[in-house]
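[1] just coords:
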């Protein structure tokens, strides 16, 4: 991995949980406009509970998101997840990695990614992977390649999707080589209907898990404001 002067020591990170889930959802919507990861954030707070409440098939073995702050202000979001069905024990994937537009082009994207790599190493992983559409995320594409990731076309499920892989320890990098991952299952969680999404959130409210954090008082009209 190539290294340069990093800003990540200026940042603080905290894991996403129910107490800050609303902030995470709002930030995610502002960074990734047009995508709603509400259900993925809830799943990251407690994956087992989400499976029980939603009755949805989840392809993840683990799923954790982290917020990055500078002087108390949210700079960006990142995450680490694994696939239970298609994944390998020594690999993890980068989840919803992004920087708010107020902090872009200042080095924070690289810093957050470096922190995520160190976190993945601490958790015992040896390879970090990402999938994205570089035509929609040109700056991220340049950063991944600059940091030493290997880019491969992934056209099994979608056109224009590429994977990026890097060995984060001393092991040889095992490339994807066209391995099928079923990314569609993850994307479906962001494209679920509002009615179904709200029905799942309502179950959290009824269980008393989530109401205080979001300030929900009228569930049928619930929405996260961005």
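    Sure, I can see it. Just so we're clear, the structure is a prediction, and the values are computed from it rather than from any experiment.
[2] CA atoms for contacts and neighbours, from now on please.
    Noted.
[3] which residues of this protein fall in strands?
    Secondary structure of the chain by DSSP state E: the strands cover 12-15, 60-70, 73-83, 91-94, 98-99, 127-132, 150-153, 162-167.
[4] pLDDT (mean, whole number) over the third one?
    On average, the pLDDT along strand 73-83 is 96.
[5] picking up where we left off before, tabulate the strands of the chain (CSV), appending distance to residue 185 and mean neighbour count.
    Formatted as CSV, the strands of the chain follow (distance: least, Cα to Cα, whole Å; neighbours: other Cα atoms under 10 Å):
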stretch, distance to residue 185, mean neighbour count
strand 12-15, 24, 17
strand 60-70, 10, 20
strand 73-83, 11, 22
strand 91-94, 15, 23
strand 98-99, 21, 24
strand 127-132, 14, 21
strand 150-153, 19, 18
strand 162-167, 16, 22
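[6] Distance to residue 119 added to the ones you listed, as a markdown table?
    Formatted as a markdown table, the strands of the chain follow (distance: least, Cα to Cα, whole Å):
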| stretch | distance to residue 119 |
| --- | --- |
| strand 12-15 | 11 |
| strand 60-70 | 10 |
| strand 73-83 | 9 |
| strand 91-94 | 11 |
| strand 98-99 | 16 |
| strand 127-132 | 11 |
| strand 150-153 | 20 |
| strand 162-167 | 14 |
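[7] Out of those, which is closest to residue 183?
    Minimum separation from residue 183 across the strands of the chain (Cα to Cα) falls at strand 127-132, 8.9 Å.
[8] got the angle for the closest one vs strand 162-167?
    160 degrees (axes from the mean of the first three to the mean of the last three Cα atoms, to 10 degrees).
[9] list the helices and strands strand 127-132 packs on?
    strand 91-94, strand 162-167 (3 or more Cα pairs under 8 Å, 6 or more residues apart in numbering; DSSP states H and E).
[10] mean confidence score for the lengthiest helix in the chain?
    If you go by DSSP state H, the chain has its longest helix at helix 108-122. The average pLDDT for helix 108-122 rounds to 96.
[11] now what about that helix, what contacts it?
    By Cα atoms under 8 Å, 6 or more residues apart in numbering, the residues outside helix 108-122 that reach it are 6-8, 68, 75-80, 92, 97-99, 126, 128, 143, 168-169.
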